[in-house]
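[1] Can you look at this prediction? I've put the sequence above it.
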Amino acid sequence: NAGVMQNPRHLVRRRGQEARLRCSPMKGHSHVYWYRQLPEEGLKFMVYLQKENIIDESGMPKERFSAEFPKEGPSILRIQQVVRGDSAAYFCASSKQGAPYEQYFGPGTRLTVT
Amino acid sequence: AQTVTQSQPEMSVQEAETVTLSCTYDTSESDYYLFWYKQPPSRQMILVIRQEAYKQQNATENRFSVNFQKAAKSFSLKISDSQLGDAAMYFCAYGQGGSEKLVFGKGTKLTVNP
């Protein structure tokens, strides 16, 4: 049973470009969470999605960041016009319906903005 | 807002000995969960142990156990018979009932000396 998949594992973008990070949840999981880890910091919650719905985006920056989890396909975290401060590791986690505290994490995407 | 504090940025232990990592949290809620996650150099987040606040009995998973002091809002992790593979960053996390996002501490870097 494959775990949570994230791609790419490493992404390099120049300032002003767009970054798209993908997350495929574990089989049977319908809830996806995105977290960001800045250097020397713990993970910080960004957004919680179910299929076709954003449930909680209280941790998302107001501008340039968006997330979706379509009916088919992976969840996407999109960062427009990236800046150096967006450089971080972005982790996706997934859980089953009714088991919100059994979140399984993917390996993360390390975004570097040059 | 809930906060999680890990007061030990770094800890070290000799192989085969026991080490305790500290974590305190701040909440006014009664329904919540607490977690310890391990992040090895691969950066994969691995769930080590979970504790439900309503359970008085301390959780145990093989060599890993917790000391959950609800009144003191303390949740320490004890690693017995430390192994070289235990070397990693350890993050304490809090999850509130009814909200599915996790709040993480800043982490403790554990070194295991042979």
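    All right, it came through fine. Numbering: from 1, shown residues only, chains lettered A, B, ... in the order given.

[2] and residue B:33, what element?
    Following DSSP states H and E, one finds residue B:33 within strand B:32-39.

[3] Summarise which helices and strands that strand is packed against.
    strand B:46-52, strand B:64-69, strand B:74-79, strand B:88-96 (3 or more Cβ pairs under 8 Å, 6 or more residues apart in numbering or on different chains; DSSP states H and E). Heads up, the C-betas are built off the backbone N, CA and C, glycines and all.

[4] any idea of the angle the first one forms with strand B:32-39?
    Spelled out, it's strand B:46-52. 160 degrees (axes from the mean of the first three to the mean of the last three Cα atoms, to 10 degrees).

[5] Do strand B:46-52 and chain A come into contact?
    Yes - Strand B:46-52 is in contact with chain A by Cβ under 8 Å from any Cβ of the partner chain, via B:46, B:47, B:50.

[6] what residues are up against the most centrally placed residue in chain B?
    For chain B, the residue nearest the mean C-alpha position is residue B:36 (3.2 Å; Cα atoms, centre = their mean). If you count contacts by Cβ atoms under 8 Å, 6 or more residues apart in numbering or on different chains, residue B:36 has them with B:21, B:23, B:47-49, B:64, B:66, B:75, B:77, B:90-93.

[7] quick one: it and residue B:76, what's the gap?
    As judged by Cβ to Cβ, to the nearest Å, residue B:36 and residue B:76 stand 9 Å apart.

[8] Now the strand holding residue B:33: average pLDDT?
    In this model, strand B:32-39 has a mean pLDDT of 94.

[9] do the same with stretch A:97-109
    Mean predicted confidence for stretch A:97-109 is 86.

[10] Run the chain-centre distance for that stretch.
    Distance of stretch A:97-109 from the chain centroid (Cα atoms, centre = their mean, to the nearest Å) equals 11 Å.

[11] List the buried residues of that stretch.
    Within stretch A:97-109, the residues scored as buried using 16 or more other Cβ atoms under 10 Å in any protein chain shown are A:100, A:101, A:103, A:104, A:105, A:106, A:107, A:108, A:109.

[12] What is the most widely separated pair among those residues?
    A:101 and A:109 (23.6 Å; Cβ to Cβ).

[13] Please give the element, helix or strand, for the residue positioned nearest the centre of chain A.
    With distances taken as Cα atoms, centre = their mean, residue A:34 lies nearest the centre of chain A, 3.7 Å away. Taking DSSP H and E as the definition, residue A:34 sits inside strand A:31-37.

[14] So which bits of the helix or strand following that strand are buried?
    Per DSSP H and E, strand A:31-37 leads on to strand A:43-50 as the next helix or strand towards the C-terminus. Buried residues in strand A:43-50, counted by 16+ other Cβ under 10 Å: A:43, A:44, A:45, A:46, A:47, A:48, A:49.

[15] try stretch B:48-59
    Buried residues in stretch B:48-59 (16+ other Cβ under 10 Å): B:48, B:49, B:50, B:51, B:52, B:53, B:59.

[16] how about those in a markdown table, adding pLDDT?
    Listed next are the buried residues of stretch B:48-59 as a markdown table, based on pLDDT from 0 to 100:
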| residue | pLDDT |
| --- | --- |
| B:48 | 95 |
| B:49 | 94 |
| B:50 | 93 |
| B:51 | 94 |
| B:52 | 91 |
| B:53 | 91 |
| B:59 | 92 |
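
[17] which among those gets closest to residue B:108?
    Nearest to residue B:108 among the buried residues of stretch B:48-59, with distances taken as Cβ to Cβ, is residue B:48, at 12.2 Å.
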